[in-house]
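> sharing a model prediction with you, sequence too.
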Amino acid sequence: MAFRDHLQRGFPCNYFSYFAVYPEANNNIIVVLGLIILFSIIELAISAWLTSRFNARHDYFSITERDRTRFILFASIWTTVLSSCYLLFFFAMPDNALSSVLSLMIFLILTWIFWTAGAASITSTLGGGLNCRRVTKGVTQTIFVYCGQLNAMEAFAWILWILTTLLLIVVAMRGVAAARRGDGVRGSLFA
């Protein structure tokens, strides 16, 4: 049932009460967290492959390209491991402090900062994206050796930033709902 139907049936005009009346809306948090895990695994694979190539062949365009790829590798590992842990906490220990709104908010704020820095820095390095088929005077562009992989890494970094931003907003709304029901931000994410 949509939020509009919620209002038409005479329920209070309060978005936060939507979660209380329709507990299936809580599944959205789990789905978005699952998507974050999936895309961070993909980003992990791309950035780990690029990092191994850069370490073995030293064929990176600049040291900033190499270092920013390593930072995205770190952000991918951070996101994959801790998002998986939080998903486990929600199912195994729903009333524990680790699965509270405050705990998830702190994790998401740090993750959002990492993905903002990673996505913006790799975009800056690549100049907003690479044209892998650019031909100048009959010569194909070869400045960036791994053109397709770098473009994919940039795209997945921005996808992860969008998903993290979305989840951060939803969890903030859940925090307000938890505070209104009297649990405060240390309350459970799912009530």
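Received the coordinates, thanks.

> same question for the helix ranked longest in the chain, mean pLDDT?
Ranked by number of residues, the top helix in the chain under DSSP state H is helix 147-180. Per-residue pLDDT values over helix 147-180 give a mean of 92.

> chain center to it, what's the gap?
4 Å (C-alpha atoms, centre = their mean, to the nearest Å).

> tell me which other helices or strands that helix touches.
helix 17-21, helix 27-57, helix 63-92, helix 101-126 (3 or more C-beta pairs under 8 Å, 6 or more residues apart in numbering; DSSP states H and E). For every residue, glycine as well, the C-beta is placed using N, CA and C.

> mean pLDDT for these - can I get that in JSON lines?
Formatted as JSON lines, these follow (pLDDT from 0 to 100):
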{"stretch": "helix 17-21", "mean pLDDT": "48"}
{"stretch": "helix 27-57", "mean pLDDT": "94"}
{"stretch": "helix 63-92", "mean pLDDT": "94"}
{"stretch": "helix 101-126", "mean pLDDT": "95"}
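
> using a markdown table, lay out those helices together with distance to residue 151 and mean neighbour count.
Listed next are the helices and strands packed on helix 147-180 as a markdown table, based on distance: least, C-beta to C-beta, whole Å; neighbours: other C-beta atoms under 10 Å:
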| stretch | distance to residue 151 | mean neighbour count |
| --- | --- | --- |
| helix 17-21 | 38 | 16 |
| helix 27-57 | 10 | 17 |
| helix 63-92 | 13 | 18 |
| helix 101-126 | 7 | 18 |
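
> go through those helices and name the closest to residue 165.
helix 101-126 (6.4 Å; C-beta to C-beta).

> what angle separates the closest one from helix 147-180?
160 degrees (axes from the mean of the first three to the mean of the last three C-alpha atoms, to 10 degrees).

> out of the helices and strands packed on helix 147-180, which is closest to residue 158?
Closest among the helices and strands packed on helix 147-180, using C-beta to C-beta: helix 101-126, at 4.9 Å.

> run the chain-centre distance for the closest one.
7 Å.

> by contact count, what packs against that helix?
helix 63-92, helix 147-180.
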